[in-house]
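Novice: model this:
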Amino acid sequence: MTLVVDALRAGYGESQVLQGISLTIGAGEVVTLLGRNGMGKTTTVRAVMGLLPGLGGRVLGGRLAWDGMALDGLAPHRIGRLGLGLVPEGRQVFPRLTVEENLTATARAEGAARWTLESVYRFFPRLEERRRNMGSQLSGGEQQMLAIGRALMTNPRLLLLDEATEGLAPLIRAEIWAVLAALKAEGQAILLIDKNLAAVMRLADRHVVVEKGRTVWSGTSAELAASPELRETYLHL
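Specialist: Below you'll find the predicted structure:
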């Protein structure tokens, strides 16, 4: 499997947000999308998942491809069926559904599915404890676990996480990072957005830095660690 984003341009209405985003993700890779707020990270994820039209946006140029198939113009549910699963910014769990209903609402299983209710509950025992609670009754950390579990229930080949640990308590953040490390160890491909630079540098294989809607740098954690000027210029908050 390979996701290719090449010179992607996109925007909302008259505003062009993405001026030329390029990145690739192969099987089993963990790649981060880094940059300050408002630089186009979330718009990139929305473009990949086919969500821009529903938000008044559109792809203006460039290439989006998954295993050689063009993604631009496909509906989000069709992109999900191809094997891309999204954990959106803000979690967006269904507040009036139970935990279990949230997990099964968009579940997708073909053949011997890796992710079932049982395997998600093994990963997140707290969700099993709260399985009859409504989404609105969960803490922020529990909602993030639920959002990740819901995405895993689609049995994705590529998992996209937008702001994986934003606003979470330190203990919950540590639990989320441990889960992502376990997923990586199992060979799960991940595209990750998060502001915790130390954590993503420990986890990811490669990083893509964006500034004003353009890819300005890509490289490994070792290369990023060796470039304080790069971090100060593009990632200092």
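Novice: Now do the helices for this structure: every range, in order, please.
Specialist: Listed in chain order, the helices of the chain (DSSP state H) span 41-48, 76-81, 99-105, 117-123, 125-129, 140-152, 170-185, 197-203, 221-225, 228-234.
Novice: Span of stretch 32-45 from start to end?
Specialist: Length of stretch 32-45, first residue to last, Cα to Cα, to the nearest Å: 11 Å.
Novice: which parts of it are buried?
Specialist: Across stretch 32-45, burial judged by 16 or more other Cβ atoms under 10 Å covers Thr32, Leu33, Leu34, Gly35, Met39, Gly40, Lys41, Thr42, Thr43, Thr44, Val45. (C-beta placed from N, C-alpha, C; glycine too.)
Novice: out of those residues, what pair is the most spread apart?
Specialist: Greatest spatial distance in those: Thr32 and Thr43, 16.0 Å, computed using Cβ to Cβ.
Novice: Run through the residues that contact Asn102.
Specialist: Val93, Phe94, Gly135, Leu146, Arg150 (Cβ atoms under 8 Å, 6 or more residues apart in numbering).
Novice: Please tell me how far the fourth one sits from Gly135.
Specialist: Think Leu146. Taking Cβ to Cβ, to the nearest Å as the criterion, Leu146 is separated from Gly135 by 7 Å.
Novice: what touches both of those two?
Specialist: Common neighbours of Leu146 and Gly135 (Cβ under 8 Å, 6+ apart) are Val93, Val99, Asn102.
Novice: just the residues you listed now: which is nearest Ala204?
Specialist: Out of these, the member with the shortest distance to Ala204 (by Cβ to Cβ) is Val93, at 25.7 Å.
Novice: Which residue is the nearest non-sequential neighbour of that closest one?
Specialist: Ranked by Cβ to Cβ, 6 or more residues apart in numbering and with sequence neighbours excluded, the top spatial neighbour of Val93 is Gly135, at 4.0 Å.
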